[in-house]
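Chemist: I'd like to go over a predicted model; first the sequence, then the structure.
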Amino acid sequence: MTNDSGKDQQFKISESGVLGGVKLADGETSFVIPDGVTQIGWSAFKRCASLTDIIIPDGVTSIGPEAFSGCGSLTEITIPFNVRSIGKGAFDGCGSLKGYFAKKYKEPEIKEPGMFELQKNNMEKAEKMSNDVDFKDENDEKETSLFQELRSRPQEMGILEFLKINKEKIEKRAKERHLKEEEKKHKPYIIEAGVLKWVIKQDETIFTVPDGVTAIGDDAFNRCSFAEIIIPDGVTEIGHTAFYLCTSLAKITIPSSVKSIGHMAFYNCKSLTEITLPEGLIGIVQSAFYGCTSLKSITIPASVRRIWNSPFIKCDNLAEIIVSEDNEIYRIIDGALFQKWTRNMVQYPAARKDNHFMIPYRVLNIGGGAFYGCRSLTGITIPDTVTTIEYEAFYLCTSLTEITIPESVKSIGKCAFHGCRSLKSITILNGDTDIEIDSFGSLDPFTDAFLGRVPVDKKGAFSGCGDDLIIYSVAGSRVGEYADQHAIKFEAL
């Protein structure tokens, strides 16, 4: 078959519009995907080493796994807005790829009137609207946000289709929000069915949550400037991002009635120097205290039964985590937080000054962000009981110089060693260890894939490490292939 340039090239297009088996002619560096193609198939352009330029038509909706794997000369690619999914390893080994561009939103597929800001065909306003919408998830009956749903379902449908399907919910929420804006002009806060939904940014330095409130809603105190907040007995829940960017908050009183603290509840509360977690608290959701850089010590009471990954991530000055001796689920070993029965390592305090840490024998899993930002550690010993190293486990361990991954480890997660710029050598004893490929680093399908340029993460799990990093493992192994594909030096054991 012949492409638009008139030069002979080999490729196949199935009846359903799947492009595959592409082979460039000698000296050919560009390829125009024919109109009518709806999918770029699995390994379609694999090892087309001379490919530098490609044009993808608007009709393409998906890019398959390893579609451009090994296209080492490809420097830039424009992905149409209609593309809803990008397969695993689609751009693996594209060492020259500096980034990709997504076409800007132009003409929406939604034709119906009455979509408020959405009908103005403005993507930025659509994003702002999506970020605030709440709706019922029929599967688990929990409130979630449309923005979170978009992040979790980018491979199932595009933003336009999703917004269209949820038109009535969006429209209803927009009306409610309009009414609430009018209320805000006259009230210092809004309470609905016992939930404190919103608090105005007031001049006072101390705020006492009113009696009768049973829950602090998501984003309730977003960017408020209070120095102290008092929560009365009777409140049972602190919602997601409840105190988001309350950078002046230095003290908060949490009663024993509170059972759970939500995701990023205290996000970047940089002035918070101390916080007492009450007896009665049951759960602490992932990244609850993200970026509380003034927090130096925290005590986990006996009542806590569940702590999600990286609860104290980016708490750069946290030197001590204390767990009640009566807690049946969690304990401290050599300063680090562990879950007893699942043998999971949860968190190592970032501000501890130890140079070396030996993970205890019998630990099975190193949790996501467990050593995030532990800049003092130059060495870490991993026992041969560990089977999994989760995402960002050693993220920004900038003083770590070498590490040995035992044969028991079966998988290494995304960006596990991101930013370990002093890491010179890593020995992976199991050549079949699965190192998770992350073609575009930490891709946000909504804000990045649809709105702009995303930097390519050339080294996957080892992004941000120095160019002199050497991986030692078994010759001819999957680890060796990974090193070759990601342009990392490799030496056989």
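Modeler: Yep, it's here. Owing to the predicted nature of the structure, the values given are computational and were not obtained by experimental measurement.

Chemist: Pretty sure Ala215 sits against Gly239.
Modeler: Yes - contact between Ala215 and Gly239 holds when scored by C-beta atoms under 8 Å: they sit 6.6 Å apart. All C-beta spots, glycine's among them, are computed from the backbone N, C-alpha and C.

Chemist: Quick check, pLDDT for the closest residue to Ala461 other than its chain neighbours.
Modeler: In space, and not counting its chain neighbours, Ala461 is closest to Ala416: 4.7 Å by C-beta to C-beta, 6 or more residues apart in numbering. Ala416 carries a pLDDT value of 88.

Chemist: do Lys172 as well
Modeler: pLDDT for Lys172: 62.

Chemist: just Val32 next, same as before
Modeler: The model's pLDDT for Val32 equals 90.

Chemist: cool, and Ser399?
Modeler: On pLDDT, Ser399 comes in at 95.

Chemist: tally of neighbours for it?
Modeler: Counted with other C-beta atoms under 10 Å, the neighbours of Ser399 add up to 15.

Chemist: doesn't Ser422 make contact with it?
Modeler: Yes - here Ser399 reaches Ser422: they are 5.6 Å apart, a contact under C-beta under 8 Å.

Chemist: overlap in contacts of the two?
Modeler: Thr378 (C-beta atoms under 8 Å, 6 or more residues apart in numbering).

Chemist: The residue nearest to Ala461 and Ile55: what is the separation?
Modeler: Computed as C-beta to C-beta, to the nearest Å, the Ala416 to Ile55 distance reads 36 Å.

Chemist: So for these two, which sits in the more crowded spot?
Modeler: Ala416 (26 against 12).

Chemist: separation between that one and Ser50?
Modeler: 33 Å.

Chemist: go on, Arg375?
Modeler: From Arg375 to Ser50 the distance is 43 Å (C-beta to C-beta).

Chemist: So the closest residue to Phe490 other than its chain neighbours: helix, strand or coil?
Modeler: For Phe490, ignoring the flanking residues on the chain, the nearest one in space by C-beta to C-beta, 6+ apart is Ala483 at 3.8 Å. Three-state call for Ala483 (DSSP: H, G, I helix; E, B strand; the rest coil): helix.

Chemist: how near is Ala483 to Phe266?
Modeler: Counting by C-beta to C-beta - Ala483 and Phe266 are separated by 40 Å.

Chemist: So which of the two has more stuff around it?
Modeler: Ranked by neighbour count (other C-beta under 10 Å), Ala483 and Phe266 place Phe266 first, with 27 against 24.

Chemist: thought Thr214 was touching Asp233?
Modeler: No - in this structure Thr214 lies outside contact range of Asp233 using C-beta under 8 Å: 10.8 Å.

Chemist: Look at these two and report which has more neighbours.
Modeler: Set Thr214 next to Asp233 and count neighbours by other C-beta under 10 Å: Thr214 wins out with 14 against 10.

Chemist: thinking again about what came up before, just say helix, strand or coil for the residue nearest to Ala461.
Modeler: coil.

Chemist: show me the contacts for it.
Modeler: Counting by C-beta under 8 Å, 6+ apart, Ala416 has contacts Ile389, Glu390, Tyr391, Glu392, Ala393, Phe394, Tyr395, Ala461, Phe462.

Chemist: Could you pull out the strands in the stretch 1-150 of the chain for me?
Modeler: Using DSSP state E, counting those that start in this stretch, the strands found in the stretch 1-150 of the chain span residues 10-13, 18-23, 30-32, 39-40, 53-55, 62-63, 76-79, 85-86, 99-102, 134-136, 143-145.

Chemist: name the helices or strands packed onto the fifth one?
Modeler: By that I understand strand 53-55. strand 30-32, strand 76-79 (3 or more C-beta pairs under 8 Å, 6 or more residues apart in numbering; DSSP states H and E).

Chemist: Contact partners for Phe371?
Modeler: By C-beta under 8 Å, 6+ apart, the contact set of Phe371 is Tyr348, Phe357, Leu377, Ile380, Ala393, Phe394, Tyr395, Cys397.

Chemist: For this protein, give me the ranges with low pLDDT.
Modeler: Scanning the chain for pLDDT under 70 picks out the ranges 1-8, 81, 85, 88, 98-186, 201, 437-460.

Chemist: what's the domain layout of it?
Modeler: Domain assignment for the chain by automatic domain parsing gives 1-103, 105-186, 189-320, 353-493.

Chemist: Nearest to Gln339 among those domains would be which one?
Modeler: Nearest to Gln339, of all those, is domain 189-320, at 7.4 Å by C-beta to C-beta.

Chemist: now that closest one, how far from the chain's geometric center?
Modeler: 22 Å (C-alpha atoms, centre = their mean, to the nearest Å).

Chemist: For it, measure first residue to last.
Modeler: Using C-alpha to C-alpha, to the nearest Å, the end-to-end distance of domain 189-320 comes to 36 Å.

Chemist: could we number from 21 for the rest of this?
Modeler: With the count now opening at 21, the last piece we talked about shows up as domain 209-340.

Chemist: All the strands of the stretch 221-370 of the chain, in order from the start?
Modeler: Counting by DSSP E, counting those that start in this stretch, the strands of the stretch 221-370 of the chain are 226-228, 235-236, 248-250, 257-258, 271-273, 280-281, 303-304, 317-320, 326-327, 340-343, 350-353, 356-359, 364-367.

Chemist: Mind putting these into CSV with distance to Ala495 and mean neighbour count?
Modeler: Converted to CSV, these look like this (distance: least, C-beta to C-beta, whole Å; neighbours: other C-beta atoms under 10 Å):
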stretch, distance to Ala495, mean neighbour count
strand 226-228, 64, 15
strand 235-236, 57, 24
strand 248-250, 59, 17
strand 257-258, 53, 22
strand 271-273, 56, 17
strand 280-281, 49, 22
strand 303-304, 45, 20
strand 317-320, 46, 18
strand 326-327, 41, 18
strand 340-343, 42, 16
strand 350-353, 37, 16
strand 356-359, 35, 22
strand 364-367, 31, 23
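
Chemist: Adding distance to Ile446, write those strands out as CSV.
Modeler: Shown next, in CSV, are the strands of the stretch 221-370 of the chain (distance: least, C-beta to C-beta, whole Å):
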stretch, distance to Ile446
strand 226-228, 49
strand 235-236, 43
strand 248-250, 45
strand 257-258, 40
strand 271-273, 41
strand 280-281, 35
strand 303-304, 32
strand 317-320, 32
strand 326-327, 28
strand 340-343, 27
strand 350-353, 24
strand 356-359, 21
strand 364-367, 19
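
Chemist: between those strands, which gets nearest to Glu86?
Modeler: Using C-beta to C-beta, those put strand 364-367 closest to Glu86, at 32.1 Å.

Chemist: So which other helices or strands are in contact with the closest one?
Modeler: Using 3+ C-beta pairs under 8 Å, 6+ apart: strand 364-367 touches strand 356-359, strand 385-386.
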